[in-house]
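J.: take a look and give me a structure for this.
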Amino acid sequence: MSKQMTSDLRIESVIAAVADHNRNAIEHIDSRLEGFLKIFNEAFPIEDDFLRGRVEAITWSLFSSILSLYANQNNGAVLVELYSLIEKFSIRDFPGKITDDKEKKGVIASLIERKNLTDIAPLYNTLGIWDSDDIAFIGKISKIRNGIAHKNEKLISKSINNGKEVHYLDIDSMVNKHDACNYIINSIKIFVKLSNDK
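T.: Purely as a prediction, here's the structure:
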């Protein structure tokens with residue numbers, strides 16, 4: 001092993017690389033958030049008072065920490081958090097989309113408590129709450145999340161690298177370069193529909 005290689009593997013080199021990454025992210029926080037705000041305004045126009053109020057409440061209550069991760073260029077963590085957020089609330093809210101009866105809600109909740117987002121999403125589609133575009137989005141974010149969580153090179157390759165080969169050690173850096181802005185916007189849209197009365 002060369003001296004250079006030995007130096008690169010030392011903890012001091014790892015710490016230095018982490019510090020460099022975070023310094024670089026800090027330098028771009030304002031521009032990343034300004035870019036997000038521009039896309040947010042295009043997706044949810046200020047002129048639509050009712051929709052705008054809803055999405056701002058949803059963003060404030062559920063997406064603040066996700067926006068912090070996004071601002072720091074931690075797109076991988078953003079994608080995992082978005083998946084988890086949608087899964088949690090879609091499973092939690094599903095019984096109420098079926099019935100107002102407390103006992104029946106309990107029965108439905110027990111039937112779906114071990115389901116995941118990809119199991120639940122088609123049911124929301126059947127109920128007319130989510131459309132085919134929503135289901136496609138959920139399918140994509142689920143594959144990316146599974147690729148990150150399980151370090152699955154094939155899933156990451158297919159999901160964000162046009163099928164090109166991905167090395168195991170490159171998964172995190174590749175995912176962090178994959179901009180998550182539109183995933184956040186689409187997730188907010190999912191929550192708007194989820195928050196509609198049944």
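J.: after the helix-or-strand element of the chain with minimal mean pLDDT, next one along is what?
T.: Within the chain, no helix or strand scores below helix 3-9, which has a mean of 53 by mean pLDDT, DSSP states H and E. Of the helices and strands lying after helix 3-9 in sequence (DSSP states H and E), the nearest is helix 11-27.
J.: list the buried residues for that following helix?
T.: Of the residues in helix 11-27, none is buried by neighbour count under the rule 16 or more other Cβ atoms under 10 Å. C-beta coordinates here come from the backbone N, C-alpha and C atoms, glycine included.
J.: tell me the helix or strand right after it.
T.: Following helix 11-27 toward the C-terminus (DSSP H and E): helix 29-43.
J.: how far does that next one sit from the chain's center?
T.: Centroid separation for helix 29-43 versus its chain: 17 Å, with Cα atoms, centre = their mean, to the nearest Å.
J.: just the CA atoms of it, as PDB, please.
T.: Extracted in PDB, the C-alpha atoms of helix 29-43 (Å, rounded to 0.1, in the frame of the first residue of the first chain):
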ATOM      1  CA  ILE A  29     -27.400  26.800   1.100                       C
ATOM      2  CA  ASP A  30     -28.900  30.100   0.000                       C
ATOM      3  CA  SER A  31     -28.900  29.300  -3.700                       C
ATOM      4  CA  ARG A  32     -30.300  25.800  -3.100                       C
ATOM      5  CA  LEU A  33     -33.200  27.200  -1.000                       C
ATOM      6  CA  GLU A  34     -33.800  30.000  -3.400                       C
ATOM      7  CA  GLY A  35     -34.100  27.400  -6.200                       C
ATOM      8  CA  PHE A  36     -36.500  25.400  -4.100                       C
ATOM      9  CA  LEU A  37     -38.600  28.400  -3.400                       C
ATOM     10  CA  LYS A  38     -38.800  29.200  -7.100                       C
ATOM     11  CA  ILE A  39     -40.100  25.700  -8.000                       C
ATOM     12  CA  PHE A  40     -42.400  25.700  -4.900                       C
ATOM     13  CA  ASN A  41     -44.000  29.000  -6.100                       C
ATOM     14  CA  GLU A  42     -44.400  27.600  -9.600                       C
ATOM     15  CA  ALA A  43     -46.100  24.400  -8.300                       C
END
